[in-house]
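Q: attaching a predicted model along with its sequence, questions to come.
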Amino acid sequence: MTHVFGDIHGCCKSLDTLLELLAPGPEDIVVTLGDYVDRGPDSKGVFDRLIQLQEETTLVALKGNHELMMEDARQGPPASSFWLLNGGIETLESYNGRTLNNVPDEHWEFIANLKPYHIIGDYLLTHATPPAEQKIEDFGDEELYWGRFREPMMRHDGKFLICGHTPQDNRRPTYHDGNICLDTGCVHEGYLTAYTLETGIYVQANEEGDLRDGIIDLGISEAAA
């Protein structure tokens with residue numbers, strides 16, 4: 001099975017709950033859409049868990065704009081100030097420090113190896129929402145990490161887009177004209193979502209341990225198998 005996770009933002013309890021429920025094994029694929037850090041209580045724990053997950057299953061980890069900001073923050077102001085204003089303070093607290101010096105090399109290596117996007121069959125997986133008319137090979141940082149999910153159109157290349165980055169107001173995944181957004185605001189009193197491509201079923205968990213589920217049927221599940 002292929003399980004796609006939306007924005008985690010330091011919500012390690014929610015991540016652990018979903019991983020325990022789905023129990024991905026060596027034959028499964030877990031795709032994470034980026035934004036592992038900032039605003040939530042345990043960004044360090046999220047990285048630790050994802051690094052461990054690499055030993056248990058096939059992990060395809062994408063980069064989000066918050067990892068981009070965290071990397072840029074190593075250069076100092078003004079990039080570091082911008083990051084701190086956007087959740088970096090909570091990330092530093094999870095490392096028990098006031099600077100990035102406490103972040104271990106293993107975590108920086110994990111960030112350095114994050115992918116900009118991933119393609120599985122008819123699915124294009126990205127953090128943000130790139131323009132429908134733009135070719136994949138022309139994507140830049142703006143399209144990959146910052147574009148919002150605002151009633152997107154069907155992609156011109158025929159790919160079905162699965163993305164995060166834009167918290168959905170109803171805290172459930174949104175499907176619109178060949179596009180799915182899985183950012184369901186876990187860090188904003190919402191839920192973390194994991195969507196299984198082959199079944200169309202999604203499961204959600206929050207930091208209090210609450211669970212719920214639902215289904216999105218795109219009618220192309222066999223193409224991604």
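A: Sure, I can see it.
Q: mind checking what helix or strand follows the lowest-mean-pLDDT helix or strand in the chain in sequence?
A: The helix or strand of the chain with the poorest confidence is strand 174-176; it has a mean of 92 (mean pLDDT, DSSP states H and E). Note on strand 174-176: by DSSP states H and E, the next helix or strand toward the C-terminus is strand 179-181.
Q: tell me the first helix or strand C-terminal of that next one.
A: Next along from strand 179-181, by DSSP H and E: strand 192-196.
Q: output the contacting helices and strands for that following strand.
A: For strand 192-196, the elements it packs on are strand 2-5, helix 12-22, strand 201-205, judged by 3 or more Cβ pairs under 8 Å, 6 or more residues apart in numbering; DSSP states H and E. Bear in mind the C-beta positions are built from the backbone N, C-alpha and C, glycine included.
Q: neighbouring strands - and their directions - for the very next helix or strand once past the longest one?
A: What it means is helix 12-22. Per DSSP H and E, the first helix or strand lying C-terminal to helix 12-22 is strand 29-32. As defined by DSSP bridges, the strand partners of strand 29-32 come to strand 2-5 (parallel), strand 58-61 (parallel).
Q: would you mind giving both backbone torsions of Lys115?
A: phi -90, psi 150 (degrees, to the nearest 10).
Q: phi, psi for the closest residue to it other than its chain neighbours please.
A: Using Cβ to Cβ, 6 or more residues apart in numbering and skipping residues adjacent in sequence, the residue nearest Lys115 is Leu62, 5.2 Å away. Dihedral pair for Leu62: phi -90, psi 160, per degrees, to the nearest 10.
Q: can you report how many residues lie near Leu62?
A: Leu62 has 25 neighbours, counted by other Cβ atoms under 10 Å.
Q: again, but for the one 4 residues further on
A: Counted with other Cβ under 10 Å, the burial measure for His66 works out to 27 neighbours.
Q: any idea which helix or strand carries it?
A: Taking DSSP H and E as the definition, His66 sits inside helix 65-72.
Q: after that helix, next one along is what?
A: As assigned by DSSP H and E, the chain's next helix or strand after helix 65-72 is helix 79-83.
Q: rewinding a little: need the contact list for the residue nearest to Lys115.
A: Val31, Thr32, Leu33, Gly34, Leu114, Lys115, Pro116, Tyr117, His118, Leu125, Thr126, His127 (Cβ atoms under 8 Å, 6 or more residues apart in numbering).
Q: show me the contacts for the last one.
A: Under the criterion of Cβ under 8 Å, 6+ apart, the neighbours of His127 are Leu33, Gly34, Asp35, Leu62, Lys63, Gly64, Asn65, Leu144, Tyr145, Cys163, Gly164, His165.
Q: my read is that Leu124 contacts Arg155, right?
A: Yes - here Leu124 reaches Arg155: they are 7.0 Å apart, a contact under Cβ atoms under 8 Å.
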